[in-house]
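In: Model the following, please.
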Amino acid sequence: MSPEENKVIARRFVEEVQNKGNIGAVDDFLADTFVNHSVPPGLPPDREGVKQLFTLFRNAFPDFHAEILDQVAEGDEVVTRKTFIGTHEGEIFGIPATGKEMTIELIEILRVSDDGKITDHWNVVDQLGMMQQLGAIAA
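Out: So this is what the prediction gives:
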């Protein structure tokens, strides 16, 4: 796959799984051997963990939306800087619903195989900003 084709796959994952909430599509995008190298505590680092994570986010932020801000690709890797936006309507990470809007930025790296499946994931997320916006930590 070319770097441009890999970017398309990454954008399609954002649209289908993150924005539309189609958790079942995770298996279409992620390889059987997929590894999340930045998995949150308590979740498995595989496709099932991704399904659990986005189900958790959808339940906590029913209007959850991801917006791609920048994207670059080289070889088999795609780097995306994006924003997650949502209204906190359900519990997440032990924090009860606040009704507050949350906006956080993150940067992720995906590795895409020759057959167009995502095999690896790494990210850096503004978790402190999220906790501050939800009132779990003082600003």
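In: Now do stretch 22-38: everything it contacts.
Out: Residues outside stretch 22-38 that contact it (Cβ atoms under 8 Å, 6 or more residues apart in numbering) are 9, 12-13, 16-17, 43, 45-47, 49-51, 54-55, 58, 108, 113, 115, 117-125. In short, each C-beta sits where N, CA and C put it, glycine included.
In: ignore the last one, stretch 41-56
Out: Residues contacting stretch 41-56 (Cβ under 8 Å, 6+ apart): 17-18, 21, 23, 26-27, 30, 32, 34-37, 39-40, 92, 121.
In: same thing but at 7 Å, please
Out: 17-18, 23, 26-27, 30, 34-36, 39-40, 92 (Cβ atoms under 7 Å, 6 or more residues apart in numbering).
In: Mind checking which of these are buried?
Out: The neighbour count (16 or more other Cβ atoms under 10 Å) marks 17-18, 23, 26, 30, 34-36, 39, 92 as buried among these.
In: quick one: the closest residue in space to residue 130 that isn't next to it in sequence and residue 22, what's the gap?
Out: Once flanking residues are discounted, residue 130 sits nearest to residue 104: 4.8 Å by Cβ to Cβ, 6 or more residues apart in numbering. In this view, residue 104 and residue 22 are 22 Å apart by Cβ to Cβ, to the nearest Å.
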